[in-house]
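Novice: For reference, the sequence and a predicted model appear below.
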Amino acid sequence: MTEQTSIPSGDNRELKESVSDRKISWLERVLGPENYRIIKGLFKTPASIVGFILILTFILVAVFAPLIAPPVGKDPYKIPRDGFGGEPKAPGSPWKRNVPEIPFWYKTLTGKDEWVHLLGTAQGQYDIFYGIIWGTRTAFKTGLFVVVVTVAIGVIIGSVAAYYGGWIDNFLMRVVDIFMTLPYIMMALILSAVLTPLWGRSLMPPLIAMITFGWMGYARIIRSDILSIKNRDFVMAAKVSGVKNSRTLFKHIMPNAIFPTLVLASLGIGDVVLSFAALSFLGIGTEVGYADWGQVLSFSRNWITSLDKYWYIVVYPGIVLTLFVMGWNLVGDAMRDVLDPRMRGKS
Amino acid sequence: MTNYIIRRLLMVPLLLIGVTLIIFGMLQFLGPVERSALYMKDFPKNDKQVEGIIRQYGLDQPFLVQYWKWLTGVKDPVTGEMEGGVLRGQFGYSRTASQPVVDIIRNRFPNTLDLALWTVFPMLSVGIWMGVKAAVNQNKAFDQAARIYSIIGTSFPTFVFGLLLLMFFYAKLKWFLPGRMSDWVNQLIYSGNFKSYTHLLTIDALLNGRFDVFWDALRHLIMPIMTLSYINWATYVRVTRSSMLETLRMDYVTTARAKGLLERDVVNKHARPNAMLPIVTMMGSSIVGLLGGVVITETVFNYPGIGKAAADAAAQLDVVTVLGMGIFTGLILIVSNLIVDVMYAFIDPRVRLN
């Protein structure tokens, strides 16, 4: 409750004190008590704090990518190559051809004037460090894009199905069933293989494929969210007072039903990046040399007999990808605990 | 329960039509030359031939007409033979592998099945055991370790884990090998001294009494088995643990304890069977997932199953081949999901009695 409510100011203090002594922060006012509890719960467990720190680190790396690893040439997403030799070079080996500007932090930290392949090069002399740093941007771009679009599709289909019910609900849920039956990676492979000749090798074919076969889960969750509050009094009140269907749905039902789902969905970025990296590891999507973790990892496919010697082409990009996904999973896990009604009121 | 099963059976044709429509719909992005691989082996040589092909196979006709032809096949006017037709088991020709897609499936599926067979046991037993133990020891060391493992497990990309295994066990130690079999086994099979009864290499080796072949097959299987078990354990631990915790909180479990039963019997005889219900559904879907070809794991280890065939074809943009694999795995999914759901009806008293 805020000072702006219609409760007479004289009674206000008394009422507040009788309910509880605690102060209500601006965030709680904006989100409402239940949603505020969710957000607060997320910052309580050590696991989710580690998760937030990981995510924040990756955000910083993505934002400051040009400073951390200065690009060469026009397209920063092209990993600079030090020549064309096949064999990977060890971490710390000097950079001979196509040398980028030396990043400022390297000069200050080491005092050296020669830029090296910090984490080595992969097959074709692609610099692994550069691929990892700029790959962070690719990860956020792809993750955000896919999550936003799939959630939007899920919200539209799920809410229409739940709100209108009847044959519309039945039809849409059968469509969801059919899409759920399809083998995900197989279908993503087909659609990207179909779209690649049309659009050329780029991020788009795998992204569209992941969206096409990835929205169903959200549609189901949002449908059940809305079903659970559809018959509550305030919705009835809106209907009785003659509010239009679409307005009831978007203004009255949605804000009350889907906040948890939206938070949970936004944490799906980790999974999206994982699938995207897998597709790109299989050779689907961007052209060779694009700064993207799956792509960097896929260079190691030709060297499996001597991976003990060239360990750095797997270990470094592998650790980075794992940490990224883990950051989102840690927060997502805490979120699931907070949302679990049985956990309410427990630490 | 009869009602439930009938309703579930009625879903099958709907799913079949839906799945094939979606798969066929994706084909419409292709030009007629590529789509002709559904019916004929060779690339058309010139424009005139292309026109003939479009006319012969009706590649310019309305969507539903083409869909029907794709399902049932088209009669060749010269030879009078039927070409294509998914319902006839003809998924078209793979131009990158220069053989019918069905032949690829026939060659590769036994390998996928072999891998699935050997993965199921460690995957289920260890995963469920860890989950139950974590729940029984809630918030103790084992539980914490299991929770950390399940988070790391779900975050660790399959292919990174696979590459690390290759690094240690193949490149460094040479214990386990990628691929399906060593060269000498391959030669042995072609020499005719080795009978392929089932086409599952491990089983055939045992039937032939060749333990050296069996050992070789196993050495090639161990890394993919480890990878698949490892990623599946993470989910099994999580689901089993939470289902078990929920069951342990129920009144009847308290009653059992109050009767003075041993804690061991309370857990094993009273709580665990009921906690297994959600896991049965998951078992179904994960076994189905193994059968449908595990694309990434097979590709990392160069294991020639359905999944690797699909990935290779997709990387070379050979859509018709990937499509064939897609239909095949789609069929497996529909049929086995049906079996799982019906079995579930028998197991779950709530479904059985309604």
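Specialist: Yep, it's here. If you're wondering where the values come from, they're calculated on a predicted model, not measured in any experiment.
Novice: going forward, measure contacts between C-alpha atoms and count neighbours the same way
Specialist: Fine.
Novice: contacting residues for residue 219?
Specialist: If you meant another chain, say so; for now it's chain A. Counting by CA atoms under 8 Å, 6 or more residues apart in numbering or on different chains, residue A:219 touches A:151, A:153, A:154, A:155, A:156, A:157, A:158, A:159, A:176.
Novice: think we crossed wires, I meant chain B
Specialist: B:175, B:176, B:177.
Novice: In the stretch 1-150 of chain B, which residue sits nearest chain A?
Specialist: residue B:15 (5.5 Å; CA to the nearest CA).
Novice: any idea which element that residue lies in?
Specialist: Using DSSP states H and E, residue B:15 falls within helix B:2-27.
Novice: Contacts only, for the most centrally placed residue in chain A.
Specialist: Nearest residue to the geometric centre of chain A (CA atoms, centre = their mean): residue A:269, 1.8 Å. Residues in contact with residue A:269 (CA under 8 Å, 6+ apart) are A:140, A:143, A:144, A:147, A:325, A:328.
Novice: go again using 10 Å as the cut-off
Specialist: A:139-148, A:275, A:324-325, A:328-329 (CA atoms under 10 Å, 6 or more residues apart in numbering or on different chains).
Novice: Quick check: buried residues in the next helix or strand after the helix holding residue B:15?
Specialist: Downstream of helix B:2-27, the first helix or strand assigned by DSSP H and E is helix B:32-35. Neighbour-count burial for helix B:32-35 flags B:32, B:33, B:35 (criterion: 16 or more other CA atoms under 10 Å in any protein chain shown).
Novice: For the stretch 1-150 of chain A, which residues score under the pLDDT cut-off?
Specialist: A:1-22 (pLDDT under 70).
Novice: Return the distance of residue A:229 relative to chain B.
Specialist: Separation of residue A:229 from chain B (CA to the nearest CA, to the nearest Å) stands at 25 Å.
Novice: tally of neighbours for that residue?
Specialist: By the criterion of other CA atoms under 10 Å in any protein chain shown, residue A:229 has 15 neighbours.
Novice: do the same with residue B:214
Specialist: With other CA under 10 Å as criterion, residue B:214 counts 20.
Novice: Please identify the helix or strand for it.
Specialist: Counting by DSSP H and E, residue B:214 is found in helix B:211-248.
Novice: Distance from that helix to the middle of the chain?
Specialist: Centroid displacement of helix B:211-248 relative to its chain, using CA atoms, centre = their mean, to the nearest Å, is 14 Å.
Novice: Keep only the contacts of residue A:219 that also lie close to chain B.
Specialist: Among those, no residue lies close to chain B (CA under 10 Å from any CA of the partner chain).
Novice: Adding pLDDT, secondary structure and neighbour count as columns, could you present the residues you listed in TSV?
Specialist: Shown next, in TSV, are those (pLDDT from 0 to 100; DSSP: H, G, I helix; E, B strand; the rest coil; neighbours: other CA atoms under 10 Å in any protein chain shown):
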residue	pLDDT	secondary structure	neighbour count
A:151	91	helix	25
A:153	93	helix	19
A:154	91	helix	22
A:155	88	helix	24
A:156	90	helix	15
A:157	92	helix	23
A:158	90	helix	29
A:159	86	helix	27
A:176	92	helix	19
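Novice: Kindly indicate which of those lies nearest chain B.
Specialist: residue A:176 (10.3 Å).
Novice: Going by residue numbers, what spans are strands in chain A?
Specialist: Per DSSP state E, chain A has strands spanning A:93-94, A:116-117, A:121-122, A:126-127. These are given in chain order.
Novice: Spatially nearest residue to the residue of the stretch 1-150 of chain B closest to chain A (excluding sequence neighbours)?
Specialist: residue A:178 (5.5 Å; CA to CA, 6 or more residues apart in numbering or on different chains).
Novice: what do you get for residue A:76?
Specialist: residue A:134 is the one closest to residue A:76 (CA to CA, 6+ apart), at 7.8 Å.
Novice: isn't that neighbour right next to residue A:71, touching?
Specialist: Yes: taking CA atoms under 10 Å as the definition, residue A:134 is a contact partner of residue A:71 at 9.2 Å.
Novice: In terms of neighbours, single out the busier of those two.
Specialist: residue A:134 (28 against 22).
Novice: how close does residue B:202 get to chain A?
Specialist: Counting by CA to the nearest CA, the gap from residue B:202 to chain A is 24 Å.
Novice: what does the stretch 101-250 of chain A have sitting close to chain B?
Specialist: A:174-175, A:177-198.
Novice: before we move on, the earlier item: tabulate the strands of chain A in CSV, adding columns for distance to residue A:49.
Specialist: Output for these, formatted as CSV (distance: least, CA to CA, whole Å):
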stretch, distance to residue A:49
strand A:93-94, 37
strand A:116-117, 33
strand A:121-122, 33
strand A:126-127, 32
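Novice: of all these, which lies closest to residue B:102?
Specialist: In terms of CA to CA, the element of those nearest to residue B:102 is strand A:121-122, at 37.4 Å.
Novice: For chain B, give me the ranges with low pLDDT.
Specialist: Short version for chain B, where the test is pLDDT under 70: B:42-45, B:77, B:80, B:293, B:349-354.
Novice: Could you list the domains of it?
Specialist: Chain B breaks down into these domains under automatic domain parsing: B:2-94, B:108-347.
Novice: Can you name the residues of the stretch 151-300 of chain B sitting close to chain A?
Specialist: B:151-161, B:163-174, B:177-178, B:246, B:288-289, B:292-296, B:299-300.
Novice: Separate out the buried members of those residues.
Specialist: B:151-161, B:163-171, B:177-178, B:288-289, B:292-296, B:299-300.
Novice: Just the ones of the residues of the stretch 101-250 of chain A next to chain B in helices?
Specialist: A:174-175, A:177-181, A:184-198 (DSSP state H).
Novice: who's in contact with the closest residue to residue B:274 other than its chain neighbours?
Specialist: In space, and not counting its chain neighbours, residue B:274 is closest to residue B:247: 7.1 Å by CA to CA, 6+ apart. Contact analysis of residue B:247 by CA under 10 Å, 6+ apart lists B:135, B:241, B:253, B:267, B:270, B:271, B:272, B:273, B:274, B:275, B:276.
Novice: For chain A, see how far away residue B:247 is.
Specialist: With CA to the nearest CA as the criterion, residue B:247 and chain A are 13 Å apart.
Novice: how far away is that residue from residue A:326?
Specialist: 29 Å (CA to CA, to the nearest Å).
Novice: what do you get for residue A:258?
Specialist: Distance from residue A:258 to residue A:326, by CA to CA: 24 Å.
Novice: what sits against residue B:40?
Specialist: B:53, B:57, B:83, B:84, B:92, B:93, B:94, B:95, B:100.
Novice: isn't the last one right next to residue B:41, touching?
Specialist: Yes: here residue B:100 lies in contact with residue B:41, judged by CA under 10 Å, at a distance of 7.8 Å.
Novice: before we move on, the earlier item: so which other helices or strands are in contact with the helix holding residue B:15?
Specialist: Where contact means 3 or more CA pairs under 10 Å, 6 or more residues apart in numbering or on different chains; DSSP states H and E, helix B:2-27 is packed against helix A:166-181, helix A:184-199, helix B:63-72, helix B:319-347, helix B:349-353.
Novice: Repeat the analysis, applying 7 Å as the threshold.
Specialist: Here helix B:2-27 touches helix A:166-181, going by 3 or more CA pairs under 7 Å, 6 or more residues apart in numbering or on different chains; DSSP states H and E.
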